[in-house]
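**Student:** take a look and give me a structure for this.
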Amino acid sequence: MLIKLLTWNIGFAGGIYGLDGCVGTRKDVMARLSGIATVLSDVSADVVCLQEIDRHSKRSFYRDQVAYLATNAGYPYQAFVQTWRASWIPYPITWRIDRQFGPMDAGQVILSRHPISWHAHMTHPKPASRSGLFKYFYLDRVSQVVSLTLPKKEKLFLGHVHLEAFDVAARLSQAKALGTLIADWGDSFHPMLLCGDFNAIPQHPCQTYSFSDEPSLFYGKDGTIASFLDRGLCSAGMSSKAMDYPSYEPNRQLTHVFHSQTLTLESYDVLSTGSLSDHLPGVAIYRL
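**Tutor:** Residues are numbered from 1 along each chain as shown. Model (predicted):
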C-alpha cells in the first residue's frame, strides 16, 4: 500500500510578501487560496499537513481557510490546533494600521482522506530570551500528533510541527520535547511520519549563512535536524532539490519529512507552486 503525504506552509494565502503586510485585496487572497486548493486536489495526497492557516483573521479577510480547503480539495477528516489568537496583532510595525495583522485566529491543520482515530498536541514554552510584551503578542509553537486508520485497519502515527523560527535555543528545546514524545510513543504506533516547517536546515553540506533574502540569518551549530536523525528517524531528502524557501528563489530547506524505518520511501519532491506562498510544498510517497 502506498501513502502520499503533502506538507506545506501556506502562509495564510498571503503570498510571498504576506509577512510584510502586503497581502493585496480580498480578491488576491482568495485567488491564492483557490490556487492552493487546486494544488491539493491535483496532488491528491492521502494526508496533508498545513502550517500558517487562518480560521477567522483580518489578514485573510476572515475566511475559514480550513473549511474552504477541506471542502474544495476533498478531505473529510481534519485535526486543527490553534497557534495564534489575539484581538489585535500590531505587526508589521507600521503606521499603516490597515497592513497590520489585526484580529488573529490561526493555526496548523492535518487534512486526511482516512479517519483520524485520535488527536493530541503539545504547546511549547515561548522563547525565554524574549520580553514579556513580545511573548504576549507572539504565536505559540505546537507539536501535533494523530493516529490515522488506514484500509485493512492499519494504523499510521503522524507528527506535525511548526517549530520556532528566530531563537535557536527555543527550537532545540522544542525538538527535544518532541523527540521524547516520539521515543515514548513510537514503539506503539509504528509506522510513523513526522513533517512540517522545522525552521531549521541540515548542517552539512548545506549553506548555513549569507542568504540573499535574509543575510543576517545564521543557522550554524543548530542541531535541530540532527536531533531527529539521532533518534533513528530517516529523512525523506536533504539536498539542493529539497529546498523550499523562499518560494521565488529557494536557497534553503525548512520543510522536512522524517519517517520510521518500518516505512519505505518511494520518492520526495518539492513542487513549484509560484507565488501562492512564500514556501513551496513537499510531497513524499511511502510504501507500507
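**Student:** C-alpha from now on. contacts and neighbour counts both.
**Tutor:** Noted.
**Student:** tell me where the model's unsure across the protein.
**Tutor:** Residue ranges of the chain with pLDDT under 70: 184-189.
**Student:** quick check: longest strand of it.
**Tutor:** strand 77-89 (DSSP state E).
**Student:** packing partners for the helix or strand following it?
**Tutor:** Note on strand 77-89: by DSSP states H and E, the next helix or strand toward the C-terminus is strand 102-112. When contacts are defined as 3 or more C-alpha pairs under 8 Å, 6 or more residues apart in numbering; DSSP states H and E, strand 102-112 packs onto strand 47-54, strand 77-89.
**Student:** okay, those strands in CSV with mean neighbour count and distance to Gln261 next?
**Tutor:** Formatted as CSV, the helices and strands packed on strand 102-112 follow (neighbours: other C-alpha atoms under 10 Å; distance: least, C-alpha to C-alpha, whole Å):
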stretch, mean neighbour count, distance to Gln261
strand 47-54, 24, 19
strand 77-89, 18, 25
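**Student:** okay if I get those as TSV plus distance to Leu139?
**Tutor:** Listed next are these as TSV, based on distance: least, C-alpha to C-alpha, whole Å:
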stretch	distance to Leu139
strand 47-54	10
strand 77-89	5
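**Student:** quick one: closest of the ones you listed to Phe258.
**Tutor:** With respect to Phe258, and counting by C-alpha to C-alpha, the nearest of the helices and strands packed on strand 102-112 is strand 47-54 at 13.3 Å.
**Student:** circling back: for Gly274, which of the helices and strands packed on strand 102-112 is the nearest?
**Tutor:** Per C-alpha to C-alpha, nearest to Gly274 of the helices and strands packed on strand 102-112: strand 47-54, 17.0 Å.
**Student:** tell me which residues touch the nearest residue to Ile110 once chain neighbours are set aside, please.
**Tutor:** Leaving aside its sequence neighbours, Ile110 sits nearest to Cys49 (C-alpha to C-alpha, 6 or more residues apart in numbering; 4.6 Å). By C-alpha atoms under 8 Å, 6 or more residues apart in numbering, the contact set of Cys49 is Leu5, Leu6, Thr7, Trp8, Gln108, Val109, Ile110, Leu111, His160, Cys195, Gly196.
**Student:** which strand residues bridge Leu194?
**Tutor:** Beta-bridge pairing for Leu194 (DSSP bridges): Gly159, Phe258.
**Student:** next, the contact list for it, please.
**Tutor:** Going by C-alpha under 8 Å, 6+ apart, Leu194 touches Leu158, Gly159, His160, Val161, Val257, Phe258, His259.
**Student:** in JSON lines, list those along with distance to Asn251.
**Tutor:** Output for those, formatted as JSON lines (distance: C-alpha to C-alpha, whole Å):
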{"residue": "Leu158", "distance to Asn251": "27"}
{"residue": "Gly159", "distance to Asn251": "26"}
{"residue": "His160", "distance to Asn251": "23"}
{"residue": "Val161", "distance to Asn251": "21"}
{"residue": "Val257", "distance to Asn251": "18"}
{"residue": "Phe258", "distance to Asn251": "20"}
{"residue": "His259", "distance to Asn251": "24"}
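**Student:** and the contacts of Cys49, which is closest to Tyr138?
**Tutor:** Among those, and counting by C-alpha to C-alpha, the member closest to Tyr138 is Gln108, at 15.4 Å.
**Student:** just give the nearest non-adjacent residue to the closest one, would you?
**Tutor:** Nearest residue to Gln108 in three dimensions, chain neighbours excluded: Gln51, at 4.5 Å (C-alpha to C-alpha, 6+ apart).
**Student:** is the one you found in a bridge, and if so with what?
**Tutor:** Asn9.
**Student:** do you know how far it is from Arg231?
**Tutor:** 24 Å (C-alpha to C-alpha, to the nearest Å).
**Student:** next one: the most far-flung residue of the chain relative to its centre from Met243, what distance?
**Tutor:** In the chain, counting by C-alpha atoms, centre = their mean, Trp95 sits farthest out from the average C-alpha position, at 30.2 Å. Distance check for Trp95 against Met243: by C-alpha to C-alpha, it reads 35 Å.
**Student:** who are the contact partners of the residue nearest to Gln108?
**Tutor:** With contact taken as C-alpha under 8 Å, 6+ apart, Gln51 is in contact with Trp8, Asn9, Ile10, Gly11, Gly107, Gln108, Val109, Val161, His162, Gly196, Asp197.
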